[in-house]
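Student: I'll drop the sequence and a predicted model, then ask my questions.
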Amino acid sequence: MSDFQQLLEQLRQSNVTKTIHKEPYPAILPSRPELSQAGKVVLISGGGTGIGLAIARSFVRASADTVIIVGRRPDVIATAGSNLEQEAKTAGTNTKIVARPCDLVNLAEVDAFWKDLAAQGITVDVFVANAAKFTEPKPILELGADEVWSHFEANAKAPLYFTEKFCSQPGDKQKFLVNVSTQAIHDTANPGVAVRPAYTLTKMAGTLLFQVIAQNTSPKKLQVISFHPGLIYNDAWKAMSASLVPELFDNVDLCSGFAVWAATKEAEFLHGRFVWASWDVEELSTGDVRKRIDEDPYFLKCSIVGINGGLLA
Ligand SMILES: NC(=O)c1ccc[n+]([C@@H]2O[C@H](COP(=O)([O-])OP(=O)(O)OC[C@H]3O[C@@H](n4cnc5c(N)ncnc54)[C@H](OP(=O)(O)O)[C@@H]3O)[C@@H](O)[C@H]2O)c1
């Protein structure tokens, strides 16, 4: 086993639910009637590739009325849009697909994008904050403030600005926000994570951002959940080592089904928390883990490890 393969094995370990899934399972299947997205408009940032595209596919399978994907590259987003239209035909849903180029870091483009949606009378019900900037393996002080700041722009400021637009739409229908986070925010001592501190820093900032948004918002108005999607093969993994072949990675349909589940009322008890897509949702929803979620305001949240006890009953 190569060092990189060993790293993948370490990164799969967690201790919250006993059951750790590797494949999609009934409770999170988009075809489950309870997870139906009929009547919903769903917007996925970075929906043209990888995890974002898989999440878009799962929302199509869950019968969303409209699925909107955005990304910077017009050709990539257009091809993904065609694939999703095909998916809607195959799945037999009538989902309308909207594929739009938009750079989330460019606030003028974002303003124009939301203005255009409003002009078309489109109101978004579910926002999946998935787009992110990855980083090269370099210590933070060698990257330089400008480069580190560009990560904050992409991984914290852009999702905040987009969320402001999402929340300021007219009407009072319940909204759902699903943030694609990463285990890199808590596995900071793992050498494979520690080499990319700008990613950890800014994804943590983005995750804490959604946690504090949730803190001030009722889930009945805006339900907010962050999750780690698992280890999903992409160009960044490919560039790391030839020993990292696609077969070693997780099934992307596990995290995409989880994202749909997280956008339903079944997941309300996780409002403001961070979870992994591989954790069993029935085990999370019941028994000891659920008890801890209900009783411990710090469990599965961003904080400082080790000093919360004094504030607990
Ligand atoms: N893959 C994994 O193992 C893994 C593990 C943990 C967490 N994650 C998280 O999963 C999410 C998706 O990652 P991925 O693995 O699917 O990688 P990916 O294919 O590189 O996805 C990133 C997407 O974001 C878009 N994007 C980036 N910057 C953007 C911007 N400024 N404006 C609009 N769109 C932008 C990209 O499209 P354009 O380049 O065309 O804009 C791309 O579609 C990220 O949040 C990442 O942190 C992934």
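Tutor: Here it is on my side, so go on. Residues are numbered from 1 along each chain as shown.
Student: so who does the residue nearest the centre of the chain touch?
Tutor: In the chain, the residue lying closest to the centroid (CA atoms, centre = their mean) is Val180, at 1.6 Å. With contact taken as CB atoms under 8 Å, 6 or more residues apart in numbering, Val180 is in contact with Ile51, Gly52, Ile55, Val128, Ala129, Asn130, Ala132, Ser226, Phe227, Pro229, Ala259. The way it works is simple: take the backbone N, C-alpha and C, and place the C-beta from them, glycine included.
Student: mind running it again at 7 Å?
Tutor: By CB atoms under 7 Å, 6 or more residues apart in numbering, the residues touching Val180 are Ile51, Val128, Ala129, Asn130, Phe227, Pro229.
Student: Trp149 too?
Tutor: By CB under 7 Å, 6+ apart, no residues touch Trp149.
Student: could you redo the last one with a cut-off of 10 Å?
Tutor: For Trp149, the contact set (CB atoms under 10 Å, 6 or more residues apart in numbering) comprises Leu143, Lys157, Ala198, Thr202.
Student: Doesn't it lie inside a strand?
Tutor: No - Trp149: not assigned to a strand; according to DSSP: H, G, I helix; E, B strand; the rest coil it is helix.
Student: tally of neighbours for Ala38?
Tutor: Counted with other CB atoms under 10 Å, the neighbours of Ala38 add up to 12.
Student: excluding its backbone neighbours, what's nearest it?
Tutor: Residue nearest to Ala38 in three dimensions, not counting chain neighbours: Ser63, with 4.7 Å by CB to CB, 6 or more residues apart in numbering.
Student: So the one you found sits against Glu87, correct?
Tutor: No - with contacts counted by CB atoms under 10 Å, Ser63 stays clear of Glu87, the gap being 11.8 Å.
Student: list residues touching both of those two?
Tutor: Thr93, Thr95.
Student: Contacts (any at all) between the ligand and the least confident helix or strand in the chain by mean pLDDT?
Tutor: Ranking every helix and strand in the chain by mean pLDDT, DSSP states H and E puts helix 3-11 at the bottom, with a mean of 87. No - judged by CB under 6 Å from any ligand atom, helix 3-11 and the ligand are separated, with a smallest distance of 8.8 Å.
Student: again with stretch 135-145
Tutor: No - residues of stretch 135-145 contacting the ligand under CB under 6 Å from any ligand atom: none, with a closest distance of 10.3 Å.
Student: how far is that stretch from where the chain is centred?
Tutor: 24 Å (CA atoms, centre = their mean, to the nearest Å).
Student: Which residues in it does the neighbour count mark as buried?
Tutor: Buried residues in stretch 135-145, counted by 16 or more other CB atoms under 10 Å: Thr135, Ile140, Leu143.
Student: Turn these into a markdown table, columns for secondary structure, pLDDT and distance to Ile28.
Tutor: Shown next, in a markdown table, are the buried residues of stretch 135-145 (DSSP: H, G, I helix; E, B strand; the rest coil; pLDDT from 0 to 100; distance: CB to CB, whole Å):
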| residue | secondary structure | pLDDT | distance to Ile28 |
| --- | --- | --- | --- |
| Thr135 | coil | 92 | 30 |
| Ile140 | helix | 96 | 36 |
| Leu143 | helix | 97 | 37 |
